[in-house]
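[1] starting from these lines, generate the structure:
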Amino acid sequence: MAKKNTIPQVKNEEQYEALRDKGYSKQKSARIANTPDSGVKGGSSSKYEERTKQELYNKAKEVGISGRSKMNKTELIEALRNN
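    A predicted model of the protein is given here:
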């Protein structure tokens, strides 16, 4: 019986490999490469410093950062940037 592939597919493999070469984690590289507009410049998201602590917490939860409930705003920003 063939093994089931449990690794999620990456939509933009070229971008994924470029991010991995830059030292990004597999998880972060896949998340970026799987965004609907991956590889397109000109995003319009607000800077982390402009967001509320609750917004940062929700983003950290979405990304899967552990220990987020004990982090302050500065720590959440750092964790999101380095995840």
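
[2] could you list the low-pLDDT ranges of this protein?
    Within the chain, the set of residues satisfying pLDDT under 70 comprises 1-8, 37-45.

[3] switch to 90 and redo it
    Along the chain, segments meeting pLDDT under 90 span 1-20, 23-48, 62-64, 80-83.

[4] nearest the middle, which residue of it would you pick?
    When CA atoms, centre = their mean is applied to the chain, the residue found nearest the centroid is residue 28 (4.4 Å).

[5] list the buried residues in stretch 71-83.
    Buried residues in stretch 71-83, counted by 16 or more other CB atoms under 10 Å: 71, 73, 76, 77, 79, 80. From N, CA and C alone the C-beta is placed, and that goes for glycine too.

[6] relative to residue 55, how far out is the fourth one?
    To residue 55, residue 77 is 11 Å away according to CB to CB, to the nearest Å.

[7] now do the third one
    Counting by CB to CB, the separation of residue 76 from residue 55 is 9 Å.

[8] the last one too?
    Using CB to CB, we find residue 80 at a distance of 11 Å from residue 55.

[9] of all the buried residues of stretch 71-83, which comes closest to residue 10?
    Taking CB to CB as the measure, residue 10 sits nearest to residue 80 out of the buried residues of stretch 71-83, at 21.0 Å.
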